[in-house]
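Q: Below are the sequence and a predicted model for it; my questions follow.
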Amino acid sequence: MLTQTDHVIVVGAGLAGWRLVEALRQEGFTGKISLVGAEESAPYDRPPLSKQVLAGKWPIEQILLATQDKLTAAKVDTYFGNRAIALDAEQKKVTLRSGKTLEGTHIAIATGVGARELPFSGNGAMYVLRTKEDTQEILEAIERLDEDDEVVVIGAGFIGAEVATTLHTKGIKVTVLEAAPRPLQGPLGETVATWLEKIPSEFGVEVRVNQKIVDVTESGDEVLFENGSLKAAMVIGAVGSALDLEWLSGSEVPVDGGVVVNENFEALPNIGAIGDVAKFPLKVAGKIELARIEHWQLAAEQAIALAKYWVTGETGAPLIPYFWSDQYGKKIQMLGHPAPSDDVHLVHGSVEEGKWLALYVRNSIVTGVVTLSQPRALMVSKPLLERETTLEEALELAPWKS
């Protein structure tokens, strides 16, 4: 367990890294903490970037998680704008881009993910939305748009849909291009994606599916297909995320599509990983599987769990993944970690009225709860995932009706 002579190095100054700093102090750790971040900024909240900040409703300062007062109160040494480039796991040393080496007793990897780049000629001229700087660049580009200009968003996933929603709300013409047969089919499965596919057009946003993009011109103002093209005043890429784990090469930290950790979020003794980068054991339908999940709530809860384990030696309760997305005037929420191929049972509301709750089921066990604009019904259904619950038991309990 941690003592006041220990030194915790947190690599990654996003939500997970900052929540770990806070949780360590709340658990009573009084030793040294160093917080390393690739960005110049202090930790900030990312979900509002595609919503309130892009809409112009919030100033960028409002999303700060760690103000100077909070950093001072936490007594944390900060190394912002100084990316980690190497890790010596045995000696617990982290080398920074500046050449400085930090030596500690515990290291937490919380480096998150970056925007996935597209292999197009205009990659450098396209916009992405992952950081504060990205959002500021998009806001500045929007200011230069003429009244009839069109913005193209590549990718109809959660970020792409949120960006398209915000732009449309601002009165900007936007077209979304999606490679799959329907939006969100990858994460939510064909059945749920089918229930949701009319929502963009009802909101006033055109989503074109089955799009085979050949290239984006070097100037970033035209999308090329096999049999045509689409002009755009600006193109925004929203095609998912990418891990950057090259700095762990040779460190003996287990990496397999993420940093592989145990139930206490440790990859090696006194070396943990949390947030988007962590691949952790999760029990689904009676079986343990390794999962890497990019959810805001989960990142925060993993940080709390790791802090508790390092300070007290106690293992926290199993975590239940949760995410939400506000898009096209609707709120999509999900609990659990179902596979897209799991069976889906609509048990409350209706697709026609645009308010419903459905259960994902595998081998007769509930693996997830998904809702459209039914926030209370979702949250009261959480107990269905706190233990193994059969579909029959879930229908009998029907917590969504309470």
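A: It's in.
Q: make it CA atoms for all contacts and neighbour counts henceforth
A: OK.
Q: And the next helix or strand past the top helix by length along the chain?
A: Secondary structure of the chain per DSSP state H: the longest helix is helix 296-312. Next helix or strand after helix 296-312 toward the C-terminus (DSSP states H and E): strand 322-327.
Q: what is the mean pLDDT for that next one?
A: Average pLDDT, strand 322-327: 96.
Q: Now do it and helix 296-312, the angle between them.
A: With axes from the mean of the first three to the mean of the last three CA atoms, to 10 degrees defining the directions, strand 322-327 sits at 150 degrees from helix 296-312.
Q: Would you mind pulling the contact partners of strand 322-327?
A: Residues from elsewhere that reach strand 322-327 (CA atoms under 8 Å, 6 or more residues apart in numbering): 158, 161-162, 165, 295-298, 331-336.
Q: Pull the longest helix of the chain out as CSV, backbone CA atoms only.
A: Output in CSV follows, covering the C-alpha atoms of helix 296-312 (Å, rounded to 0.1, in the frame of the first residue of the first chain):
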residue,chain,number,x,y,z
TRP,A,296,-16.2,8.8,-19.9
GLN,A,297,-17.9,7.4,-16.8
LEU,A,298,-15.8,4.2,-16.9
ALA,A,299,-12.5,6.2,-17.1
ALA,A,300,-13.5,8.0,-13.9
GLU,A,301,-14.6,4.9,-12.1
GLN,A,302,-11.4,3.0,-13.0
ALA,A,303,-9.3,5.9,-11.6
ILE,A,304,-11.2,5.7,-8.3
ALA,A,305,-10.8,1.9,-8.2
LEU,A,306,-7.0,2.0,-8.9
ALA,A,307,-6.5,4.7,-6.2
LYS,A,308,-8.4,2.7,-3.7
TYR,A,309,-6.4,-0.4,-4.4
TRP,A,310,-3.1,1.4,-4.2
VAL,A,311,-3.9,3.2,-1.0
THR,A,312,-6.0,0.5,0.9
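Q: residues of the helix or strand Leu139 falls within that come out buried?
A: Element membership for Leu139, per DSSP H and E: helix 132-143. For helix 132-143, burial by neighbour count (16 or more other CA atoms under 10 Å) applies to Lys132, Thr135, Gln136, Ile138, Ile142.
Q: which outside residues touch the helix or strand containing Ile236?
A: Taking DSSP H and E as the definition, Ile236 sits inside strand 234-237. Contact partners of strand 234-237, identified using CA under 8 Å, 6+ apart, comprise 117-118, 126-129, 141, 150-155, 160, 220-222.
Q: So which of the residues you listed are in helices?
A: Those of those mapping onto helices are Ala141, Gly160, per DSSP H.
Q: Would you show me how to pick out the buried ones of the contacts of strand 234-237 in PyMOL?
A: Here is the PyMOL command that selects only those of the contacts of strand 234-237 that count as buried (16+ other CA under 10 Å):
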select buried, resi 117+118+126+127+128+129+150+151+152+153+154+155+160+220+221+222
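Q: per-residue confidence averaged over stretch 202-210?
A: Computed over stretch 202-210, the mean pLDDT rounds to 97.
Q: Same question for stretch 296-307.
A: 97.
Q: Not counting sequence-adjacent ones, nearest residue to Thr166?
A: Ala55 (5.7 Å; CA to CA, 6 or more residues apart in numbering).
Q: can you pull the contacts of Met195?
A: Not quite, residue 195 is Trp, not Met. For Trp195, the contact set (CA under 8 Å, 6+ apart) comprises Val351.
Q: can you tell me which helix or strand it belongs to?
A: Per DSSP H and E: Trp195 is located in helix 190-196.
Q: Now the element after that helix, going C-ward?
A: Going down the chain from helix 190-196, the next helix or strand is helix 199-203, by DSSP H and E.
Q: Return the distance of that next one from the chain's centre.
A: Centroid separation for helix 199-203 versus its chain: 24 Å, with CA atoms, centre = their mean, to the nearest Å.
Q: my read: Glu289 touches Leu282, true?
A: Yes - with contact defined as CA atoms under 8 Å, Glu289 and Leu282 form a contacting pair (5.4 Å).
Q: Comparing those two, which residue is more hemmed in?
A: Applying other CA atoms under 10 Å to Glu289 and Leu282 shows that Leu282 carries more neighbours, namely 21 against 13.
Q: Wait, a strand at the more buried one?
A: Yes - the assignment for Leu282 (DSSP: H, G, I helix; E, B strand; the rest coil) places it in a strand.
Q: ok, it - contacts?
A: So Leu282 contacts Ile288, Glu289, Leu290, Ala291, Pro318, Leu319 (CA under 8 Å, 6+ apart).
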